[in-house]
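Engineer: Generate coordinates for the sequence data below:
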Amino acid sequence: MSLDSDSGSDTPSDVSWQDQSPLSPPDSSSSTDSDSDTLSVNSFGDGGGPDDPRSQETSFLVDDDFIEIVYADIEPGNPGQDVAPLVLLDEEEMSSDDEQPPPSPRPLPILANQQLNQLANDNAPNPTNDSTPSSVEVWKTPPPAASRTAPHVDTPGSDENDSGCIICLERFTNYGKHRPASLKCGHIFGHSCLDRWLKRGTGNKCPQCNTAAKKSDIRIIYCSALVALDTAERDQALEALECERRRTEQQESVISDLRLKHQLLLAECEQLRARIERDQQRDAKAQAQDRRYVSHRQIVLGKGGGRRVVYDPIQQVLIATQCLDFLSTNQGYGLRKISCLDFKTSKYIKAHQDSIRALAVCQSRALSGGQDKRLCLTCLKSDVVVQSWAAPGNVWACDFGGDEQANTLYAGCHNGKVLTYDLRQLAGPVAEFSRPGGSSLPVTSLNHVPRSAELGSDGVVVGSFDGCYFLGKTAGDNLKYHPLNEFQGSCTGMSVDRESSHLVATFRPGKSCPHVRHVVGSLVTSHGSTAAVSANLVHTFYGGGSMKQMARPAIFPSPSGRSKQLFVAAGDQASESLNVWETQNGLRTQQMRLAGHTCLDVCPVPLTPTDHYLALLGDSAIKILTYV
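Structural biologist: Below is the predicted model of the structure:
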């Protein structure tokens, strides 16, 4: 192959196709031979016209083969620009379907103008010659391998091939819907992308040059130089992925339906649970209304000694204060034991020389205080007074320090002082507390309260004729004063439920309230820096308009044992009856006439989970009630 041209001239160039060696110069006589395989293409000057071969398709007959040459538009005056490749198609290729690959295509070179110039320069006979080549020879049959020079062909790693389809920016494939396809303008795209593009309603135009196009203009391109990706496995994987995605969506839909059904079932369960709770409350209320205390037995003690009655769960006995008959040789005041199995009196233990006003029981030990200014400790197992202390005044209230502090004893005197005793120090009280302000009103009730979740520290709650207060234990076993403002008035008695830290206090009628009051509250500790103890008011129950003798109420768990609510029982001296209330709803569940029996003290007796009794202490007898 050779190029001959004068440098800088605008003379046309000849493109010849010859069956000769590419290194030999073109023979002038061969161009006129009608039998030779020579194809000449003449390029005209810049001033082209209607006959300009650059703007039309020209056909030639070479060796009985009809060859069609398609010219690309070349800008005048710039023959070296990059243009679309010149495509050489023979007659057999032209007669085949545009969208089907030829059965046995003959390989024809597809070279751009730049590639032709590069190929000519590489095979120029005189490298030092600066003249512009005037002709380019293209062989119909490839030259021998020894003399053939490989033309420049884009590799799969070049920029042009890597660009792929400009619509989806993906590489072309040789399988599936993303085969290369072109429009009349010559731009190449993926077939599926081009089909979707022309189906859009924005207009039928080429995506790259905006030339008018339609779907029938799409032509699939079959090119051997195209590096196509084998996407068969990928397409199968994508189909499998799509199937899996659809299956996942179906499973998610099923899960969503099941989750919705689960939520509905949960809501239905909550409704059923609430309904069951309402039914249980209604049944419990109906049963509570049906179940009540009835008279079981009466135990005569005699006049002049009855003030307190307590229950010892270890020995299952009632301990009541009693005064022996003045005709007896062992005249005095002591404790009477009553068996809860048959409610018959048993052993009598003499403890004091005067009336007993305070009594408490803990671990089969009885602590009593009386008007003789003494505090006595009695062993209920041996029925013997084991220790006695002198007090600075008449003892009106007493209690133990609880199971954890079995050696600590508390006593309240008629002069308003609270004394602390220790069994390990027998000389006398180890501490003495006086109410701030110098109040000397008697202490009528004293109960130990253990530490709980609501109550930050254990201590004793004290009732007197001018109200109630709490003495909390601090470091060094000192007592800290906490007033209970919700419990103000003349307190005659108090009872505490140690498990829930609830208490009930009875107040005599006064100027502020003309009726007997039974105030129920819960002891709590504030979370501030001072950790003050106060009482939250729960309910206030009212009795009659008179109280001739000091009476004590009782607070205890529900005798049915199936709920956590508390019951309050207190005697009413004005009507000579017993009143029972529920603290949960504040309703009075029972009012029982006592027929001449004045109730001074109430003691619950939980003998068994199913057997519950109440012991009502009067002036001369104990009335036993059973819960049926």
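Engineer: count of neighbours near the residue nearest to Gln584 when sequence neighbours are not counted?
Structural biologist: In space, and not counting its chain neighbours, Gln584 is closest to Gln565: 4.0 Å by Cβ to Cβ, 6 or more residues apart in numbering. For every residue, glycine as well, the C-beta is placed using N, CA and C. Using other Cβ atoms under 10 Å, Gln565 has 14 neighbouring residues.
Engineer: Who are the contact partners of Gln565?
Structural biologist: Going by Cβ atoms under 8 Å, 6 or more residues apart in numbering, Gln565 touches 557-558, 582-584.
Engineer: So which of these are in strands?
Structural biologist: Secondary structure from DSSP state E places 557, 582 of these in strands.
Engineer: and the contacts of Gln565, which are buried?
Structural biologist: Buried subset of those (neighbour count, 16 or more other Cβ atoms under 10 Å): 557-558, 582-584.
Engineer: Check the residue nearest to Gln584 and give its pLDDT.
Structural biologist: pLDDT, Gln565: 84.
Engineer: Not counting sequence-adjacent ones, nearest residue to Cys209?
Structural biologist: Cys185 (5.5 Å).
Engineer: go on, Asp458?
Structural biologist: Per Cβ to Cβ, 6+ apart, closest to Asp458 is Arg451, 4.4 Å.
Engineer: Which helix or strand contains the one you found?
Structural biologist: Arg451 is located outside every helix and strand, with elements delineated by DSSP states H and E.
Engineer: wouldn't Gly459 be in contact with Thr474 here?
Structural biologist: No. Using Cβ atoms under 8 Å as the test, Gly459 is too far from Thr474 to be in contact (9.2 Å).
Engineer: Mind listing the shared neighbours of these two?
Structural biologist: Counting by Cβ under 8 Å, 6+ apart, the common neighbours of Gly459 and Thr474 are Lys480.
Engineer: More neighbours: which of these two?
Structural biologist: Using other Cβ under 10 Å, the more surrounded residue of Gly459 and Thr474 is Gly459, with 23 against 12.
Engineer: So for that one, what's the pLDDT?
Structural biologist: Confidence score, pLDDT, at Gly459: 91.
Engineer: How about Gly456?
Structural biologist: So, for Gly456, pLDDT stands at 83.
Engineer: Flag the shaky bits of the stretch 51-200 of the chain, pLDDT-wise.
Structural biologist: The stretch 51-200 of the chain contains residues with pLDDT under 70 at 51-163.
Engineer: one more time with 90
Structural biologist: Regions of the stretch 51-200 of the chain meeting the criterion pLDDT under 90 cover residues 51-165, 169-180, 186, 195-196, 198-200.
Engineer: What are the buried residues along stretch 601-621?
Structural biologist: By neighbour count on 16+ other Cβ under 10 Å, the buried set for stretch 601-621 is 601-606, 612-619, 621.
Engineer: mean confidence score for that stretch?
Structural biologist: On average, the pLDDT along stretch 601-621 is 91.
Engineer: Output it as PDB, restricted to C-alpha atoms.
Structural biologist: Output of stretch 601-621 as PDB, limited to C-alpha atoms (Å, rounded to 0.1, in the frame of the first residue of the first chain):
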ATOM      1  CA  ASP A 601     -60.300  -3.600 121.200                       C
ATOM      2  CA  VAL A 602     -60.400  -5.700 118.000                       C
ATOM      3  CA  CYS A 603     -57.900  -8.500 117.300                       C
ATOM      4  CA  PRO A 604     -57.900 -10.500 114.000                       C
ATOM      5  CA  VAL A 605     -57.100 -14.200 114.400                       C
ATOM      6  CA  PRO A 606     -55.900 -15.800 111.100                       C
ATOM      7  CA  LEU A 607     -55.900 -19.300 112.400                       C
ATOM      8  CA  THR A 608     -55.700 -21.000 109.000                       C
ATOM      9  CA  PRO A 609     -56.000 -19.700 105.400                       C
ATOM     10  CA  THR A 610     -59.700 -20.700 105.500                       C
ATOM     11  CA  ASP A 611     -60.500 -20.100 109.200                       C
ATOM     12  CA  HIS A 612     -60.500 -16.400 110.100                       C
ATOM     13  CA  TYR A 613     -61.800 -15.000 113.400                       C
ATOM     14  CA  LEU A 614     -62.200 -11.700 115.100                       C
ATOM     15  CA  ALA A 615     -61.800 -11.300 118.900                       C
ATOM     16  CA  LEU A 616     -63.800  -8.300 120.300                       C
ATOM     17  CA  LEU A 617     -62.800  -7.300 123.800                       C
ATOM     18  CA  GLY A 618     -65.400  -5.800 126.000                       C
ATOM     19  CA  ASP A 619     -65.700  -4.700 129.700                       C
ATOM     20  CA  SER A 620     -66.200  -8.300 131.000                       C
ATOM     21  CA  ALA A 621     -66.100 -10.700 128.000                       C
END
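Engineer: if we can go back for a sec, my guess is the residue nearest to Asp458 contacts Ser457, does it?
Structural biologist: Yes. Arg451 is within contact range of Ser457, at 5.9 Å (criterion: Cβ under 8 Å).
Engineer: if I look at the nearest residue to Pro557 once chain neighbours are set aside, how far off is Gln281?
Structural biologist: Excluding the flanking residues, the one nearest Pro557 by Cβ to Cβ, 6+ apart is Leu566, at 6.2 Å. Distance, Leu566 to Gln281, by Cβ to Cβ, to the nearest Å: 16 Å.
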